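J.: Sequence plus the predicted model coming up.
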Amino acid sequence: MSWFNEKKKIRFKLISNQSNICSNDNIRFNQQEKVIIKESKQKIQGSINFIHLFKYLTEEIILKL
């Protein structure tokens, strides 16, 4: 009977370890995803700033002509 209980405990421990590993992977993935999203937002903001600068410079050149 105790052998059966030990086997059950070991199995439960294995299952709980697997779920911990899965949740850790999800956390790691979510953190990587947040970093990628943040970097993408920064690149988009940089592009928008460049477009505004280009538009401003173009208007200045046209006004001087």
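T.: Great, that's in hand.
J.: Tell me the secondary structure at the residue nearest the centre of the chain.
T.: In the chain, the residue lying closest to the centroid (Cα atoms, centre = their mean) is E33, at 1.2 Å. Each residue gets one of three states, and E33 gets helix by DSSP: H, G, I helix; E, B strand; the rest coil.
J.: measure it to E39 for me?
T.: Distance of E33 to E39, computed by Cβ to Cβ, to the nearest Å: 11 Å. Placement of C-beta: from N, CA and C, glycine included.
J.: And I10, by the same measure?
T.: 43 Å.
J.: and if you look at N5?
T.: Relative to E39, N5 is positioned 51 Å away (criterion: Cβ to Cβ).
J.: again, but for E59
T.: Using Cβ to Cβ, one gets 31 Å for the distance from E59 to E39.
J.: Could you tell me how many residues sit around I48?
T.: I48: 10 surrounding residues under other Cβ atoms under 10 Å.
J.: which residues sit in contact with it?
T.: With contact set as Cβ atoms under 8 Å, 6 or more residues apart in numbering, I48 has no partners.
J.: Need the pLDDT of it.
T.: You'll see I48 listed with a pLDDT of 92.
J.: does it count as helix, strand or coil?
T.: Following three-state DSSP, we place I48 in the helix state.
J.: Compute the distance between it and Q42, please.
T.: According to Cβ to Cβ, I48 stands 11 Å off from Q42.
J.: ditto for I62
T.: Applying Cβ to Cβ, the value for I62 to Q42 is 30 Å.
J.: And R28, by the same measure?
T.: To Q42, R28 is 21 Å away according to Cβ to Cβ.
J.: And L57, by the same measure?
T.: Applying Cβ to Cβ to L57 and Q42 gives a distance of 22 Å.
J.: just F54 next, same as before
T.: F54 sits 19 Å away from Q42, taking Cβ to Cβ as the criterion.
J.: On the three-state scheme, N26 is what?
T.: On the three-state scheme (three-state DSSP), N26 is labelled helix.
J.: In contact with it: list those residues for me.
T.: If you count contacts by Cβ under 8 Å, 6+ apart, N26 has none.
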